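*Asks:* return a 3D structure for these sequence lines:
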Amino acid sequence: MKAARWHGAKDIRVEEVAEPSVGPGQVKIKVAWTGICGSDLHEYLAGPIFVPVEQDHPLSHDKAPITMGHEYCGTITELGDGVADLAVGDRVAIEPIFACGTCAACRAGKYNLCDSLGFVGLSGGHGGFAAYSVVPAGMAHKMPDSLSMEQGALVEPAAVALHAVRLSQIKAGDKAAVFGAGPIGLLVVEALRVAGASEIHVVEPSPQRRERALALGATSAVDPMAQDAVAAIRAATGIGVDTAFEVTGVPAVLAQCIDATNFEGQVLIVSIWESEAAFQPNSVVLKERQLKGTIAYRNVYPAVMSLMTQGYFSAERLVTKRIQLDQIVQQGFEALVAEKSQVKILVEAPE
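*Replies:* Numbers count the residues shown, from 1 in each chain. Model (predicted):
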């Protein structure tokens, strides 16, 4: 079967690989759609970040080259021995976290903080940029009948956004800022609406993405290339926001996020970073602000899909391009680099 495999930075190849076989406790899935994630783009431009290269990942037991793709859904075609709560024909969204189940974080139920954390399609395994995938049955979440397969491919990134908002101190009526209106930033805007934020101020240089943020419910959309984003947010709110979400991975933006918050404000760092970022610690100390990191999600897929049935995290509003697997480099990764109007690009699996 065809699969898109990471061999190195700027070296993703669509090539023939063996179709995976199902084992005990696993399910085999005919992939439908897979989204290109910001983490995938980081691996393409500057990897390896999550991709194991020198040694096998301790849970996937794989190393590069690996089949990419972790935002995906499909239909179960085969069940491994011992799988009882799923059936052939079930449409499922994949929660692609590798977790050991035995470290302190896993024992506390916080499996996204596992000491050996990995992701199908980043850390090995049978990723979604292929015709078929095989995963442990626990990764497969049945989708409501009312959700399209395209929506299924958005469950994973929407879970990132919803988990970040849940992890924050945001309360109904609070004011928030979102720095970066890429796919995750836009999904954070929607998650903030779910949480009852009274104002959502988005900072984004792309005019198309700013328009999309406003359409999704942002109060304002600031162009940081044309004005001082922190000053604009402070002018709009009076004293700054209660919580700011950093969703760019751009070093200079972290300090702006901090400065945009009120006293005792909170900054949620959602991005995966390619480099270090600096800030003046006094900007945190003198206002008793908080910095908090967030990675992936836990125990949130059912809530995401329930919200999707209510109209949140809509594929119609977020997907800007649909391509075939053979087009993934030029029409996918390179398009995301060159065209800042792109938001979410979905890849249709080959037959």
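
*Asks:* drop to CA atoms for contacts and neighbour counts, all remaining ones
*Replies:* Will do.

*Asks:* what are the buried residues along the longest helix anywhere in the chain?
*Replies:* Counting residues, the longest helix in the chain under DSSP state H turns out to be helix 149-167. Across helix 149-167, burial judged by 16 or more other C-alpha atoms under 10 Å covers 149-165.

*Asks:* residue 258: neighbouring residues, count only.
*Replies:* Residues lying near residue 258 (other C-alpha atoms under 10 Å) number 28.

*Asks:* scratch that, residue 16 is what I was asking about
*Replies:* Other residues close to residue 16 by other C-alpha under 10 Å number 12.

*Asks:* list the contacts for it?
*Replies:* Taking C-alpha atoms under 8 Å, 6 or more residues apart in numbering as the criterion, residue 16 is in contact with 1, 2, 3.

*Asks:* quick one on the thing from earlier: run the chain-centre distance for the longest helix of the chain.
*Replies:* 7 Å (C-alpha atoms, centre = their mean, to the nearest Å).

*Asks:* quick one: name whatever helix or strand follows it.
*Replies:* As assigned by DSSP states H and E, the chain's next helix or strand after helix 149-167 is strand 175-179.

*Asks:* tell me what that following strand is packed against?
*Replies:* Contacts defined by 3 or more C-alpha pairs under 8 Å, 6 or more residues apart in numbering; DSSP states H and E place strand 175-179 against helix 183-195, strand 199-203, strand 241-246, helix 251-259.

*Asks:* what residues are up against residue 217?
*Replies:* Residue 217 makes contacts with 189, 190, 193, 200, as judged by C-alpha under 8 Å, 6+ apart.

*Asks:* SS state for residue 292?
*Replies:* Put simply, residue 292 is strand when judged by DSSP: H, G, I helix; E, B strand; the rest coil.

*Asks:* ok, residue 70 to residue 296 distance?
*Replies:* 12 Å (C-alpha to C-alpha, to the nearest Å).

*Asks:* touching, residue 5 and residue 63? I think so.
*Replies:* No: counting by C-alpha atoms under 8 Å, residue 5 sits too far from residue 63 to count as a contact (11.2 Å).

*Asks:* more neighbours: these two, which one.
*Replies:* More crowded of residue 5 and residue 63, by other C-alpha under 10 Å: residue 5, with 23 against 20.

*Asks:* just among the contacts of residue 16, which is most surrounded?
*Replies:* Within those, residue 3 tops the neighbour count with 28 neighbours, counted by other C-alpha under 10 Å.

*Asks:* looking at it, it is touching residue 12, isn't it?
*Replies:* No: contact between residue 3 and residue 12 fails when scored by C-alpha under 8 Å: they sit 10.0 Å apart.

*Asks:* so residue 147 is in which element?
*Replies:* According to DSSP H and E, residue 147 maps onto no helix or strand at all.

*Asks:* ditto for residue 210
*Replies:* Counting by DSSP H and E, residue 210 is found in helix 207-215.

*Asks:* and the helices in the stretch 251-351 of the chain?
*Replies:* In the stretch 251-351 of the chain, helices defined by DSSP state H, counting those that start in this stretch lie at 251-259, 282-285, 301-309, 315-318, 334-338, listed in chain order.

*Asks:* how far off centre is the last one?
*Replies:* Here helix 334-338 shows a centroid-to-chain-centroid distance of 18 Å under the convention C-alpha atoms, centre = their mean.
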